[in-house]
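Engineer: just to be clear, the model below is a prediction. Sequence and coordinates:
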Protein chains: 4
Amino acid sequence: MTATVDLNSDMGEGYGRWSLGDDAALLDIVTSANIACGFHAGDPDVMAQTMRLAVEKGVGIGAHPGFPDLQGFGRRRMHLPGESLANAIRYQVGAASAMARAAGGQLRHLKLHGALSNMASEDAALARLCYAAALEVEPDLVIMVLAATAMEVVVREMGCPYAAEIFADRAYEDDATLVDRAKAGAVIHDPAHAAARMVEMVRAGAIIADSGKRIPTRIDTICLHGDTPEAVAIAREVRSALEGAGITVTRF
Amino acid sequence: MTATVDLNSDMGEGYGRWSLGDDAALLDIVTSANIACGFHAGDPDVMAQTMRLAVEKGVGIGAHPGFPDLQGFGRRRMHLPGESLANAIRYQVGAASAMARAAGGQLRHLKLHGALSNMASEDAALARLCYAAALEVEPDLVIMVLAATAMEVVVREMGCPYAAEIFADRAYEDDATLVDRAKAGAVIHDPAHAAARMVEMVRAGAIIADSGKRIPTRIDTICLHGDTPEAVAIAREVRSALEGAGITVTRF
Amino acid sequence: MTATVDLNSDMGEGYGRWSLGDDAALLDIVTSANIACGFHAGDPDVMAQTMRLAVEKGVGIGAHPGFPDLQGFGRRRMHLPGESLANAIRYQVGAASAMARAAGGQLRHLKLHGALSNMASEDAALARLCYAAALEVEPDLVIMVLAATAMEVVVREMGCPYAAEIFADRAYEDDATLVDRAKAGAVIHDPAHAAARMVEMVRAGAIIADSGKRIPTRIDTICLHGDTPEAVAIAREVRSALEGAGITVTRF
Amino acid sequence: MTATVDLNSDMGEGYGRWSLGDDAALLDIVTSANIACGFHAGDPDVMAQTMRLAVEKGVGIGAHPGFPDLQGFGRRRMHLPGESLANAIRYQVGAASAMARAAGGQLRHLKLHGALSNMASEDAALARLCYAAALEVEPDLVIMVLAATAMEVVVREMGCPYAAEIFADRAYEDDATLVDRAKAGAVIHDPAHAAARMVEMVRAGAIIADSGKRIPTRIDTICLHGDTPEAVAIAREVRSALEGAGITVTRF
């Protein structure tokens, strides 16, 4: 049984005049913040402000790089030559690392964003390319991966420190992939339901699919979404339920 | 008399499909490269390629940050709140530092670009803000300043290592400012003339104005422009004349 | 006495994933919508959606061009060569006109945004350059100007149709300029107060300064801000008070 | 036999400080210019300058819209929702139309750029969506299509005026697709060879594949590339050979 678990959320997803999600509220709940790096969201000011707040609250700072596509929020698939993609990762990770130092903190982990993450979860070579590029410029990063996917296979092969992630508000298929958003029940909106599932999965050391099937896996961190109306309520409930069940919520 | 001098040039000023200047030729001549950081020019691929070449040739790598204005090439004055400007500098310096590490090198110096440089040379507070932001994320950077301007006063007060720069192809006024480009003779196009002036100034340890007036100053580096048709010819001639006069061309 | 008045609001100020203000609610209240054109806010999708809604509600569609500065939301002063600025206006107006046609409507007016508007209200030559550029590509546009400023002088000289605008939520100085936001009372947050002032000014055919001074002026339209928490409440109250006072709210 | 043919080239592909190709020289040779619209290349100033020159030389002005991807020059495939893509086309066509009017000309045709063109040549639904969006805002546009591809099928079905295009410097497969650039002989560098092929194809009213196979097709225009070292030489030779063979080079 895993006695401890980390809670993470994507943050710093505003840009200029535009804000998104209630980062201040979430930073009181989560232990890791995945912070956008300016290509799909998160200008330098948003990064600075979010990282300062994370440092104040003792929350771990991660780079959350994405495709260079502000209009698409990094959610549109783009096909970059491998070396271009590696350079885009290096650049964003380097910028995030500098902003973290200026905020009095330190860059600690990496999580891919949006379409880039989706593509990397299906394509081990792409995942490896991204992770290697990030580690080349920040060798001590912990890589956050979707538990029990190609991403996890890659980090094991690379032998680098990693954190395996499950989702609080998404239903799973039998092969540990997420149920398509188009299907009923794919997204969980009820805080109590989300919380109970997380306690069960962390205790079981397994992803529990919709069918009831258990897929044993390392669970190091739980992803809490930040940009839906019910986001903060779900986050609070998950944290509270975990602690009530004797599971320590702490940074990986 | 200064027995040695560094030669620097702005580089990596292409973007995507567009290239600018003959970086490969200039990297055989100069000892310091000021590399655009993606905001006014220089995408991550251009940065990577330019830095790799600089490492191969033993040329010092500098961050050359500018305003976020691709269309204006960082040459249009923008009025950013101080903290926004500081964050933009931190971000670009951090990105450049990571790209330098990935290229097998190390970020060594900082030079402001275009309108930002012009504004900082007139406004000591702005210069200080930019330099402090850069040093906050890369404390060992050498700051390149326009010799005998407000920029030099600032770095002396800050007590940080710096390199004082003069221009090979620009005429000077009596107060050490550059002659306005609109005036005849402001820009020097003749390689032999540019070269002879540089030898004379480096030997004299002084900027020599159009009037003949000598303004004593530290001269650590000479700026060679890279984006004019005669750029490479002037650069070669300046280096050759300096060496012919017994002045060692070497990295600061 | 002016028997009718138009109500306008800046809209379509989202971008990609980010929204701003409650455009749907405001479109039930105002009669003119100033729609961002993609340079400082408003991507093509946001433009399309906002314009379709405006057409449905019978609200007049205006182009609201600004500086090419997404991060700064067009609120940072930029110094563009005159011809570059004219081209930027032509481009944005042309794009907005096409989007309006595709939405089943027609581009009807122009209002400058943010720092560009501030600069044009102080600089008649700049205002003229912008207006002339817009009219060159869409000759039938009505130009919206800040009442009793250099902008109004310019459109009178140009002899083009225009709409003179006052602000519902901003206090005025004796020279018809807005009280600096830094001063107490500069921005009016109380819907009843804002509404009463508007009725008084429209009836008087004059801007009434904080001092009580009356500055006679054409008042064709009242600007209602859309991006503050109290925006919709103020807008409703202003409209309701005007109608209660027998003033017809209708498109110019 | 086709007695007349149009010559077209992609132009206005600079951006800000960066230029690309020798537009002035090509505008003396071609009869149609496909002008970038600001999303992948071509800022408003470049558009204005290129269009003015086209008007002076009597060259037809076309919109050449692409993906919103400056770094990738519109050559990286992006997956936009259909309505987003339609809006991006409407916006670019509208902007181009306004810039053409301001230059004293008129927008006359449409040609898709880069990855968007490649995708549309393989996907009739995508081609139709793009063409319909363009015609919605500029109903009189002539659509330029790759001869004998899905694009041509689409415009025939739509019943809109179109121009079928072949390439001067690319070899063809038996199914009228271009030989992959990776294969030897895919790109023709010899001006005399390119010219002779064009005369032969125009006379034959057919694409002649590498195998010698003839694919009968309408040939309304020949694409001359503008961004290679030999571009202007090939363009001159093609025009000269066509005229020498009694074929009239004239705008469609």
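Structural biologist: Good, I have the coordinates.
Engineer: got a list of contacts for stretch A:165-179?
Structural biologist: By C-beta atoms under 8 Å, 6 or more residues apart in numbering or on different chains, the residues outside stretch A:165-179 that reach it are A:8, A:111, A:144-149, A:185-189, A:194-195, A:197-198, A:201, A:207-211, A:213, A:215, A:217, A:219-225, A:228, A:234-235, A:238. (Glycine included, C-beta is placed from N, CA and C.)
Engineer: oops, could you answer that again for stretch A:81-91 instead?
Structural biologist: Contacts for stretch A:81-91 (C-beta under 8 Å, 6+ apart): A:39, A:65, A:67-68, A:80, A:126, A:129-130, A:132-134, A:136-137, B:38, B:43-45, B:47-48, B:95, B:98-99, B:102.
Engineer: narrow these to those in strands?
Structural biologist: With strands taken from DSSP state E, there is no overlap with those.
Engineer: buried ones among these?
Structural biologist: Buried by 16 or more other C-beta atoms under 10 Å in any protein chain shown: A:39, A:65, A:67-68, A:80, A:126, A:129-130, A:133-134, A:137, B:38, B:43-45, B:47-48, B:95, B:98-99, B:102, out of the contacts of stretch A:81-91.
Engineer: by contact count, what packs against the strand of greatest length in chain A?
Structural biologist: Ordering each strand of chain A by length in residues (DSSP E) puts strand A:4-11 first. In terms of contacts (3 or more C-beta pairs under 8 Å, 6 or more residues apart in numbering or on different chains; DSSP states H and E), strand A:4-11 is packed against helix A:23-26, strand A:32-36, strand A:60-64, strand A:221-223, helix A:231-244, strand A:248-249.
Engineer: and the helices in the stretch 151-252 of chain A, which stretches?
Structural biologist: A:191-204, A:231-244 (DSSP state H, counting those that start in this stretch).
Engineer: could you dump those into CSV and include distance to residue B:29 and mean neighbour count?
Structural biologist: Formatted as CSV, these follow (distance: least, C-beta to C-beta, whole Å; neighbours: other C-beta atoms under 10 Å in any protein chain shown):
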stretch, distance to residue B:29, mean neighbour count
helix A:191-204, 62, 19
helix A:231-244, 56, 20
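Engineer: hmm, back to that, pull out the buried positions in the longest strand of chain A.
Structural biologist: By neighbour count with 16+ other C-beta under 10 Å, strand A:4-11 contains the buried residues A:5, A:6, A:7, A:8, A:9, A:10, A:11.
Engineer: among the buried ones among the contacts of stretch A:81-91, name the ones in helices.
Structural biologist: Judged by DSSP state H, helices contain the following of the buried ones among the contacts of stretch A:81-91: A:126, A:129-130, A:133-134, A:137, B:44-45, B:47-48, B:95, B:98-99, B:102.
Engineer: of the residues you listed, closest to chain C?
Structural biologist: Checking these against chain C with C-beta to the nearest C-beta, the nearest one is residue B:95 at 15.8 Å.
Engineer: distance of that closest one from chain D?
Structural biologist: 14 Å (C-beta to the nearest C-beta, to the nearest Å).
Engineer: number of residues surrounding the closest residue to residue A:50 other than its chain neighbours?
Structural biologist: Nearest non-adjacent residue to residue A:50, counting by C-beta to C-beta, 6 or more residues apart in numbering or on different chains: residue A:12, 3.6 Å away. Counted by other C-beta atoms under 10 Å in any protein chain shown, the residues lying close to residue A:12 total 32.
Engineer: residue A:12 against residue A:35, yeah?
Structural biologist: Yes: in terms of C-beta atoms under 8 Å, residue A:12 counts as a neighbour of residue A:35; the distance is 4.1 Å.
Engineer: need the overlap of contacts for those two.
Structural biologist: By C-beta under 8 Å, 6+ apart, the residues touching both residue A:12 and residue A:35 are A:42, A:47, A:50, A:51, A:64.
Engineer: any chance of those in CSV, with pLDDT too?
Structural biologist: Formatted as CSV, the shared contacts of residue A:12 and residue A:35 follow (pLDDT from 0 to 100):
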residue, pLDDT
A:42, 98
A:47, 98
A:50, 98
A:51, 98
A:64, 98
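Engineer: check those and tell me the two furthest apart.
Structural biologist: Distances among those were taken as C-beta to C-beta; the most separated pair is A:51 and A:64, at 11.7 Å.
Engineer: who has more neighbours, the two?
Structural biologist: residue A:64 (30 against 26).
Engineer: what residues are bridge-paired with that one?
Structural biologist: With DSSP bridges as the criterion, residue A:64 is bridged to residue A:36.
Engineer: just confirm it contacts residue A:39, I think it does.
Structural biologist: No: Residue A:64 lies out of contact with residue A:39 (C-beta under 8 Å); the separation is 10.0 Å.
Engineer: what is the burial count for the closest residue in space to residue A:28 that isn't next to it in sequence?
Structural biologist: Excluding the flanking residues, the one nearest residue A:28 by C-beta to C-beta, 6+ apart is residue A:57, at 6.6 Å. The local packing of residue A:57 (other C-beta under 10 Å) involves 15 other residues.
Engineer: I'd like the helices of the stretch 151-252 of chain A as a markdown table, with distance to residue C:120 and mean pLDDT appended.
Structural biologist: Converted to a markdown table, these look like this (distance: least, C-beta to C-beta, whole Å; pLDDT from 0 to 100):
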| stretch | distance to residue C:120 | mean pLDDT |
| --- | --- | --- |
| helix A:191-204 | 51 | 96 |
| helix A:231-244 | 42 | 95 |
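Engineer: okay, those in a markdown table with distance to residue B:22 next?
Structural biologist: Listed next are these as a markdown table, based on distance: least, C-beta to C-beta, whole Å:
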| stretch | distance to residue B:22 |
| --- | --- |
| helix A:191-204 | 59 |
| helix A:231-244 | 53 |
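Engineer: residues contacting residue A:32?
Structural biologist: Residue A:32 is in contact with A:6-9, A:59-60, A:62, A:108-109, A:144, A:163, A:221, A:251-252, counting by C-beta under 8 Å, 6+ apart.
Engineer: low-confidence ranges, the stretch 101-250 of chain A, go.
Structural biologist: Nowhere does the stretch 101-250 of chain A drop to pLDDT under 70.
Engineer: enumerate the residues of it near chain B.
Structural biologist: Residues of the stretch 101-250 of chain A found near chain B (C-beta under 8 Å from any C-beta of the partner chain) are A:101, A:102, A:133, A:136, A:137, A:138.
Engineer: hmm, residue B:98 and the third one touching each other?
Structural biologist: No: between residue A:133 and residue B:98 no contact is recorded; they are 9.7 Å apart, counting by C-beta under 8 Å.
Engineer: hang on, the earlier thing: closest to residue B:75 out of the helices and strands packed on strand A:4-11?
Structural biologist: That would be strand A:32-36 among the helices and strands packed on strand A:4-11, by C-beta to C-beta, at 28.7 Å.
Engineer: distance between the closest one and the chain's centre?
Structural biologist: On the basis of C-alpha atoms, centre = their mean, to the nearest Å, strand A:32-36 sits 7 Å off its chain's mean C-alpha point.
Engineer: spell out which parts of the stretch 1-150 of chain A neighbour chain C.
Structural biologist: Within reach of chain C by C-beta under 8 Å from any C-beta, the stretch 1-150 of chain A has these residues: A:13-20, A:41, A:43, A:45, A:70-73, A:75.
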